[in-house]
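Engineer: here is the input, now give the coordinates:
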Amino acid sequence: MPDLPSFSPAELPTDATGAEVWAALGAAGHLARVYRGGTVRDGIDPDRLADLLAAIDGRWSIPATLSASVQLATAMPVLATGTGAAVERCLHRVLNGRATLALAATDTTAGTDLTALRTEVTIEEDAVTVTGEKQWIANTTTAESFLVLARHRPGRHVTHFTWVLVPTDAPGVTVRPAPSRLYAGSGVGHVSFGGVRLGRDHVVGRVGLGLPVFARHIAVERLAGALWGVALCRRVLADTRGRLTHRAHGQGALWSLGHVRQRFAACLVRVQELQALAARWAPEVALRHDARAAATLKAAAGTTVPYVLGECAQLWGAAGFVDGGIQQTRAQAALFGIGGGATEVVLETLADSAERVLDDLGRKGVTW
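Structural biologist: The predicted model follows:
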C-alpha cells in the first residue's frame, strides 16, 4: 500500500479524515512525542497524550480523534510487544504517519466477551493462517495492517488467544465500510479473513499472551478516553457558554437565568471531577497499567461525557439540530460509554475491587 499523503497539520481542513490527520501529525513528529523518549516501548507520557488529544479534538472531528486515540493508546503499544522485521517495519511506518494501523479485537460476538471470539489462527512452524471476521473496527478502511486478536486453541481460557499482524493487501483480506455516517471519518468498518496465510514472523509477541497483553494496554486506552473526555467537554461547554451569553432572553441573555446557570455549573463540577480522577490515576495507568484505576477512569468518562453533552444539547435548543451541531456531537460521544469496555462492564471490575477502594478512601492519620 502506498504511503498516506503528507500534509502539515495547519494545512488540513477541519473535516479531514482520521487517516489524513494521522499522516500530518506523524510527518510533523507529534506522534512520537506522546511516548517517553519518543519510543513506543517506553510507554505513554500522560501529559503529552492529553495535550495532543486536546489539540486534535479542538481542530478536527470526533471520528478523527478516535482514529488517533486508538492507535496511540492501544494499537501501537500492543504491536510494540512483538519483534521481528514485519513488526518493526509496521511500527516505524505508523509512528511516522506513513500508514495507519487497525486494532482488530472486536469480533462478530459481543465485544465485551472477548473469550467468545471466533476468529482463529492456525500456527505452524513457519506459517500462520487467519480465518474469521472483525466488526466495528476504527481505521479499517484506511489501515495498511490489522492487528488481529485470534484464538489458536478452542475454549475460553485466557491463554488461548494470540495477536497476529495481517497486511491489508494479503490474499484473503476483505474490507467493507460500516454503515455509519457518524463515524465514517474514523475509517470504521468490518474486515474478514478468508484463510489468510502469512509467515510465522507475523505473530506478535508470545503465543497465548493475547488477552493478557490486551488487558494491559486497554488500560491506557481508558486513560486516553478520560483525557479526551475532559478536552471534549471543556470545548463544548465553552461553545455553549458563548451561545448562552449572546442569546437574547427578555431584557438580558439566557445566561442570566438562574436555572440555566445552575445546570451549566453542574456540568462544570462533573468535568472537574473527571479531570481530578485523570490526574490522580494517570501515573498508575501509564506506568503500571493498573486495571482498577483504568476502570475508574472509564466509568467516570462513560457517565460524565454523555451527561455534559446532553445538558449542553438541551441548552442549545432547536439550534442544536443543525448539521454538525451539538446533537450530532452528542450522538458521537455516546461512544464514551461503549468503546473500550461498556460502562456496566468496567463498573463490575470496580466492584470486584470494592474492599481495596474503600480501604484507600480511609483516613489513617490519627490513632487512639
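Engineer: and after the helix or strand in which residue 260 is found, which helix or strand comes next?
Structural biologist: Using DSSP states H and E, the element containing residue 260 is helix 258-288. Moving toward the C-terminus from helix 258-288, the next helix or strand (DSSP H and E) is helix 291-316.
Engineer: ok but residue 154 is inside a helix, no?
Structural biologist: No: with DSSP: H, G, I helix; E, B strand; the rest coil as the criterion, residue 154 is located in coil rather than a helix.
Engineer: number of nearby residues for residue 242?
Structural biologist: Residues contacting residue 242 under the criterion other C-beta atoms under 10 Å number 11. (Each C-beta comes from the backbone N, C-alpha and C, glycine too.)
Engineer: circling back: chain center to the helix holding residue 260: distance?
Structural biologist: The chain centre lies 19 Å from the centre of helix 258-288; the measure is C-alpha atoms, centre = their mean, to the nearest Å.
Engineer: so for it, what gets flagged as buried?
Structural biologist: 260, 264, 267, 270-271, 274-275, 277-278, 281-282, 284-286 (16 or more other C-beta atoms under 10 Å).
Engineer: let me have those in TSV, extended by pLDDT.
Structural biologist: Listed next are the buried residues of helix 258-288 as TSV, based on pLDDT from 0 to 100:
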residue	pLDDT
260	96
264	98
267	98
270	98
271	98
274	98
275	98
277	97
278	97
281	96
282	97
284	95
285	96
286	95
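Engineer: before we move on, back to that, and the helix holding residue 260 with helix 291-316, angle?
Structural biologist: 160 degrees (axes from the mean of the first three to the mean of the last three C-alpha atoms, to 10 degrees).
Engineer: packing partners for helix 258-288?
Structural biologist: Under the contact definition 3 or more C-beta pairs under 8 Å, 6 or more residues apart in numbering; DSSP states H and E, helix 258-288 sits against helix 46-59, helix 210-246, helix 291-316.
Engineer: of all these, which one is nearest residue 126?
Structural biologist: Closest approach to residue 126 among the helices and strands packed on helix 258-288 is made by helix 210-246 (20.3 Å; C-beta to C-beta).
Engineer: end-to-end on stretch 34-42?
Structural biologist: 10 Å (C-alpha to C-alpha, to the nearest Å).
Engineer: let me fix that: stretch 349-367
Structural biologist: 32 Å.
Engineer: please apply the same query to stretch 82-102.
Structural biologist: Taking C-alpha to C-alpha, stretch 82-102 runs 16 Å from one end to the other.
Engineer: show me what counts as buried in it.
Structural biologist: For stretch 82-102, by 16+ other C-beta under 10 Å, it's 82, 86-87, 90-91, 93-102.
Engineer: list phi and psi for residue 105.
Structural biologist: Backbone geometry at residue 105, expressed as degrees, to the nearest 10, gives phi -100, psi -50.
Engineer: pLDDT score for it?
Structural biologist: You'll see residue 105 listed with a pLDDT of 93.
Engineer: residue 320 and residue 358, how far apart?
Structural biologist: 41 Å (C-beta to C-beta, to the nearest Å).
Engineer: also residue 268?
Structural biologist: According to C-beta to C-beta, residue 268 stands 28 Å off from residue 358.
Engineer: now swap in residue 115 and tell me
Structural biologist: 29 Å.
Engineer: ok, these two, which is more surrounded?
Structural biologist: residue 115 (13 against 9).
Engineer: any stretches of the stretch 1-150 of the chain with poor pLDDT?
Structural biologist: Applying pLDDT under 70 to the stretch 1-150 of the chain flags the ranges 1-2, 5-7, 110-111.
Engineer: count the residues that sit near residue 357.
Structural biologist: Residue 357, neighbours per other C-beta under 10 Å, totals 13.
Engineer: equivalent analysis for residue 365, please.
Structural biologist: 4.
Engineer: cool, and residue 80?
Structural biologist: Neighbour tally, residue 80, other C-beta under 10 Å: 21.
Engineer: I'd say it and residue 40 touch.
Structural biologist: Yes: the criterion here is C-beta atoms under 8 Å, and residue 80 meets it with residue 40 at 4.3 Å.
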